[in-house]
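Peer 1: Need coordinates for the following:
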Amino acid sequence: MINSYAGLDDTEVAMAAALAGGDVVRDLYGRRLDRIDKGAGDFATAADVAAEKAILGVIAAARPDDALLGEESGRQGASGAVRQWLVDPLCGTLNYAVGSMLVAVNVALGDGAGAVADPFGGEVYCTDGESAWVRREGGEARLSPSSATRLVDVNLDPPFPSAPGFRAVDLLAHPRFVADFRPRVVSTTLALAWVAAGKRAAYVTDGTDLTGSVHFAAGIAVCRAAGCVVTGLDGAPIGPGSRGLVAAADAATHERLMSVIGDRG
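Peer 2: Numbering: from 1, shown residues only. Reported below is the predicted structural model:
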């Protein structure tokens with residue numbers, strides 16, 4: 001059997017995998033799906049599992065010597081591998097389960113190539129680690145961050161490791177945030193890719209070491225390559241030991257957000 005993925009570069013592998021997962025997500029949309037309880041109110045659906053299987057199949061065929069980390073299946077692949085792929089097959093499971101199309105499929109290779117697919121919007125946000133672009137029907141376009149919308153997406157999902165010093169819900173009520181921005185809550189990391197695309201001015205979330213998260217790695221890679229300002233909640237570079245994420249379209253937007261986040265008054 002001919003391996004149709006063998007000749008692809010890393011970015012093409014990420015895109016092919018994300019698209020394969022997106023196909024499954026679309027095909028199963030609207031069906032009555034079994035749920036897998038993860039505890040604390042979290043769950044996966046049969047679509048999460050099937051999409052991850054499709055994604056991992058592409059990566060395994062294209063890069064058999066690499067390790068894999070899937071949200072649903074955990075770590076697998078070559079033991080001791082230097083390279084690891086991070087896979088979130090359906091970011092926005094609760095949205096999906098109630099019939100909302102606001103979801104993303106995330107595939108990333110460490111800090112390098114990555115792809116965020118919007119299965120229902122027909123777009124894939126991609127990076128090779130140096131530049132970032134969006135592929136849609138009709139071609140490709142370089143991503144161009146912009147704060148013009150003034151829309152800031154804030155993740156309100158737990159956990160909240162930075163509380164009580166920082167609570168995302170408090171940010172929404174801060175007078176200077178209200179004066180400068182308009183909040184949005186879509187509950188999927190698709191909104192992180194939207195910062196790179198100029199559809200959001202910024203994205204804010206709590207959390208720990210998000211660079212190694214299957215949920216955030218692809219979106220962070222796309223934002224960085226597009227030229228966004230990406231830091232932790234303290235304004236420092238993100239990495240092991242850091243808290244949360246602030247991804248802003250430009251330095252001025254990041255500075256305004258940080259001044260609000262740092263205001264404990």
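
Peer 1: got the buried residues for stretch 194-205?
Peer 2: Residues of stretch 194-205 classed as buried by neighbour count (16 or more other C-beta atoms under 10 Å): Trp194, Val195, Ala196, Ala197, Gly198, Lys199, Arg200, Ala201, Ala202, Tyr203, Val204, Thr205. Heads up, the C-betas are built off the backbone N, CA and C, glycines and all.

Peer 1: Please apply the same query to stretch 87-97.
Peer 2: By 16+ other C-beta under 10 Å, the buried positions in stretch 87-97 come out as Val87, Asp88, Pro89, Leu90, Cys91, Gly92, Thr93, Asn95, Tyr96, Ala97.

Peer 1: so is Asp23 in a helix, a strand, or just coil?
Peer 2: Classification of Asp23 using DSSP: H, G, I helix; E, B strand; the rest coil returns helix.

Peer 1: mind checking how far the closest residue to it other than its chain neighbours is from Asp48?
Peer 2: The spatial neighbour of Asp23 that comes closest, neighbours along the chain excluded (C-beta to C-beta, 6 or more residues apart in numbering), is Ala54 at 7.1 Å. To Asp48, Ala54 is 11 Å away according to C-beta to C-beta, to the nearest Å.

Peer 1: list the residues that contact both of the two?
Peer 2: Counting by C-beta atoms under 8 Å, 6 or more residues apart in numbering, the residues touching both Ala54 and Asp48 are Pro89.

Peer 1: more neighbours, these two?
Peer 2: Remark: of Ala54 and Asp48, Asp48 carries more neighbours, 27 against 19, as counted by other C-beta atoms under 10 Å.

Peer 1: a helix runs through that one, doesn't it?
Peer 2: Yes. Membership of Asp48 in a helix is supported by three-state DSSP.

Peer 1: Which parts of the stretch 51-200 of the chain are helices?
Peer 2: Under the criterion DSSP state H, counting those that start in this stretch, helices of the stretch 51-200 of the chain are mapped to 93-97, 168-173, 175-180, 190-197.

Peer 1: So which of these is nearest Gly244?
Peer 2: Within these, the stretch nearest Gly244 is helix 168-173; the backing value is 8.7 Å (C-beta to C-beta).

Peer 1: Mind listing what's buried along that closest one?
Peer 2: Judged by neighbour count using 16+ other C-beta under 10 Å, the buried positions of helix 168-173 are Ala168, Leu171, Leu172.

Peer 1: That concludes my questions; thank you for your assistance.
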